[in-house]
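> can you look at this prediction? I've put the sequence above it.
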Amino acid sequence: MDKIECKASLSVDEAGTITGIAWPFGSADRVGDIVQKGAFSSPATLPMLFAHDQAQAVGVWDSITETSEGLIVQGRLLIDDVARAREVRALVREGAATGLSIGFVTKQAQGRRGGGRTITALYLHEISIVPIPSHPGARIYSAKAANNGGLMPQTETDAAPDYAAIETKLAEVAGEVKGVAKLTDRLDRIEAKLNRPGVAANDNDGDLERKAFVSFARRGVERMPADETKALVVATDAAGGYLAPEQFGSELIKLLRQYSPIRQYAKVVSVGAAEIKYPRRTGSTVASWVGETEDRSESEPSYEQITIAPYELATYSDVSTQLLEDNAYNLEGELAADFAESFGIKEGAAFVKGSGVKQPIGIMTATGIAEVKTGAAAAFPATAPADVLIGMYHALPGVHAQNGVWLMNRTTLGTMRTWKDSTGRYLVIDPISAGAPVTLLGRPIVEATDMDDIGANKYPVLFGDLQGYRIIDRVGLSVLRDPYSLATKGQVRFHARKRVGAGLTHPDRFVKLKVAV
């Protein structure tokens, strides 16, 4: 199977009826590709995805038509059954997502002078709603809202489309649809299938709705034997049998796993080298008052260099070929999600307390951050415990304090929630509106599960601007399917790895609290 080419990097879905042009003819996209009229072929039904994410099917495309302008599509979001579809509706309605993007397999193409290709034959796998399409002309024309049933024009920087012409074309397409009862029944079956994302397709039914990673993970380039021994096996419950009983619910229940959210607040950059160096000024010029003809004194700035290197996270899992074929869930998708989750937990812990040996150095173990002590050996002072936090806040320069956040775990936050001022008001303020953060002294509180609990010589609280802690990504999470190494055992090995580094670049932007006298 040829690779799927996604003509966008992001996507989003909206509730209601979606109408737009998925690919304009006669012009190139942002990477130089041109698709000629007549090149498109597709299955009878086509899924509507969010950001080309196979795990987020949010609707179906009811009609796909080639016109002189391009590939005109009309579909609907499954807002009654898919929660993600309802979330995307708001984005489309507010103009945050106005683009369409296609995922396809190239069947025939020629290179173009200056870059890109002229594609004369392709097979559509899916069409996604995206905020920034690869082709600037691939736009959503209208979205029928659930609240009023009307048409809402989408705000965009490109020239406004001819809505009347589009509606006329849609009317022509609708007039050509025969057998409404049969079509409705078929769409009901599609909707039921999309709500069962883990159910495997029959090998011989030509179901192209099985997405690229699913097909790749289950069978790879060639089919593996189906009668060999297993690593994760159906015969043993704990080793895989739980995933493939005769009848099963359609949802895999996961236990909650938490990890520190430093990546969401720190400065994150991607690098293409084995390490990255940042110069940092350690001393500046010094001016002095002089008389009209007095000699001037010389002064020079001084600098040091900070080096941040990426470190590797890696693991692998062995899965039997039979289990990949027969499990009742999208097991390969679950493996990828589990890899991402476990890597996130490991790197989250390293960002807080990493030693710097074969792992990033954590913000709490890095040197150079000023300390404030509680004044009590094993806890906060019994009287006026919040005074020490006020001291932390004012220990930073105003510009950093105004951008600062409090970093602590949930246990420490629970202790602080009991503190009151002299008027009986709680010092920790809950948000007034949904989505707003919990605050202390007017600054947000970030819960980081890897921070210390309150105890003797512990560091339970950090305050500062997390943009002063830098994370570098060298290689994002990659999953490699190896069907050969364990082929004689009927197993497929999935290797997962990523490379990430981190370091403290601005210690002057932070202050940490030590429980000590």
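Okay, I see it.

> residues of the helix or strand encompassing residue 304 that come out buried?
Per DSSP states H and E: residue 304 is located in strand 302-308. For strand 302-308, the buried set under the neighbour-count rule, 16 or more other C-beta atoms under 10 Å, comprises residue 308. For the C-beta atoms, the positions are set from N, CA and C on the backbone; glycine is no exception.

> next secondary structure element downstream of that strand?
Downstream of strand 302-308 (by DSSP H and E), the next one is strand 311-320.

> let me know the outermost residue of this structure.
For the chain, the residue at maximal distance from the C-alpha centroid (C-alpha atoms, centre = their mean) is residue 293, at 63.6 Å.

> how near is it to residue 127?
78 Å (C-beta to C-beta, to the nearest Å).

> now the helices for the stretch 201-350 of the chain?
Taking DSSP state H, counting those that start in this stretch as the test, the helices found in the stretch 201-350 of the chain are 212-219, 262-265, 321-326, 331-353.

> would CSV of those helices with distance to residue 437 and mean neighbour count be doable?
Listed next are the helices of the stretch 201-350 of the chain as CSV, based on distance: least, C-beta to C-beta, whole Å; neighbours: other C-beta atoms under 10 Å:
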stretch, distance to residue 437, mean neighbour count
helix 212-219, 35, 19
helix 262-265, 11, 17
helix 321-326, 42, 21
helix 331-353, 18, 19
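
> mean pLDDT for the ones you listed: which is lowest?
Looking at those, the lowest mean pLDDT belongs to helix 212-219 (a mean of 55).

> residue ranges in the stretch 51-200 of the chain under the pLDDT threshold?
96, 131-200 (pLDDT under 70).

> ranges for the helices of it?
Counting by DSSP H, counting those that start in this stretch, the stretch 51-200 of the chain has these helices, from start to end: 83-93, 163-176, 180-194.

> got the helices of the stretch 201-350 of the chain as JSON lines, with distance to residue 282 columns?
Output for these, formatted as JSON lines (distance: least, C-beta to C-beta, whole Å):
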{"stretch": "helix 212-219", "distance to residue 282": "48"}
{"stretch": "helix 262-265", "distance to residue 282": "25"}
{"stretch": "helix 321-326", "distance to residue 282": "56"}
{"stretch": "helix 331-353", "distance to residue 282": "25"}
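
> so what are the domain limits for this structure?
The chain breaks down by automatic domain parsing into domains covering 5-194, 200-286+299-517.

> what's the most buried one of those?
Each of the domains of the chain was scored by mean neighbour count; the highest is domain 5-194, a mean of 18, by mean count of other C-beta atoms under 10 Å.

> measure residue 447 to residue 461 for me?
Residue 447 is 12 Å from residue 461, by C-beta to C-beta.

> hmm, back to that, nearest to residue 110, of the helices of the stretch 201-350 of the chain?
With C-beta to C-beta as the measure, helix 212-219 is the member of the helices of the stretch 201-350 of the chain nearest residue 110 (23.5 Å).

> what's near enough to touch the closest residue in space to residue 307 that isn't next to it in sequence?
Sequence neighbours aside, residue 277 is the residue nearest to residue 307 in space, at 5.1 Å (criterion: C-beta to C-beta, 6 or more residues apart in numbering). Residue 277 is in contact with 305, 306, 307, 308, counting by C-beta atoms under 8 Å, 6 or more residues apart in numbering.

> how about residue 355?
Counting by C-beta under 8 Å, 6+ apart, residue 355 has contacts 361, 362, 365.

> mind checking how far it is from residue 445?
26 Å.

> with residue 424 instead?
Using C-beta to C-beta, which is the criterion applied here, residue 424 is 21 Å from residue 445.

> try residue 339
From residue 339 to residue 445 the distance is 30 Å (C-beta to C-beta).

> could you do residue 72 as well?
Taking C-beta to C-beta, one finds residue 72 at 49 Å from residue 445.

> same check on residue 427?
With C-beta to C-beta as the criterion, residue 427 and residue 445 are 11 Å apart.

> again, but for residue 408
7 Å.
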